[in-house]
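Undergrad: Here is a sequence together with a model predicted from it:
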Amino acid sequence: MPQMSPLWWEVLFMMFIFTFMLFNIMIYFTNKNMMINKMTYYKKIKNLTWMW
């Protein structure tokens, strides 16, 4: 079974780190947008006052 050279291990490691960071950034911004949308939705509902 052939061994990988240390350079290829570093490339593989950097590739995994890059994809991990990319997914984290994507998740962060999608959740941030969703939280902003939820907050504006709740503010709209909160402003409704019913007078009898």
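TA: Nice, I can see it.

Undergrad: Give me the phi and psi for residue 4.
TA: In terms of degrees, to the nearest 10, the main-chain angles of residue 4 are phi -80, psi 140.

Undergrad: What pLDDT is listed against the closest residue in space to it that isn't next to it in sequence?
TA: Spatially, and ignoring its direct neighbours in sequence, residue 4 is nearest to residue 12 (7.7 Å; C-beta to C-beta, 6 or more residues apart in numbering). To be clear about C-beta, it is placed using only N, CA and C from the backbone, and glycine gets the same treatment. At residue 12, the pLDDT value in this model is 91.

Undergrad: where does the chain have low pLDDT?
TA: 1-2, 33, 35-52 (pLDDT under 70).

Undergrad: Helices along that one, start to end?
TA: 6-46 (DSSP state H).

Undergrad: hang on, the earlier thing: please report how far the residue nearest to residue 4 lies from residue 22.
TA: Distance from residue 12 to residue 22, counting by C-beta to C-beta, to the nearest Å: 16 Å.

Undergrad: and if you look at residue 6?
TA: 25 Å.

Undergrad: Next: residue 4.
TA: Taken as C-beta to C-beta, the span from residue 4 to residue 22 is 23 Å.

Undergrad: ok so, going back, number of nearby residues for the residue nearest to residue 4?
TA: 11 (other C-beta atoms under 10 Å).

Undergrad: same thing with the one 5 residues further on?
TA: Residues within reach of residue 17, counting by other C-beta under 10 Å, total 10.

Undergrad: before we move on, what about residue 16?
TA: Neighbour number of residue 16 under other C-beta under 10 Å is 10.

Undergrad: do residue 4 as well
TA: So residue 4, with other C-beta under 10 Å, has 9 neighbours.
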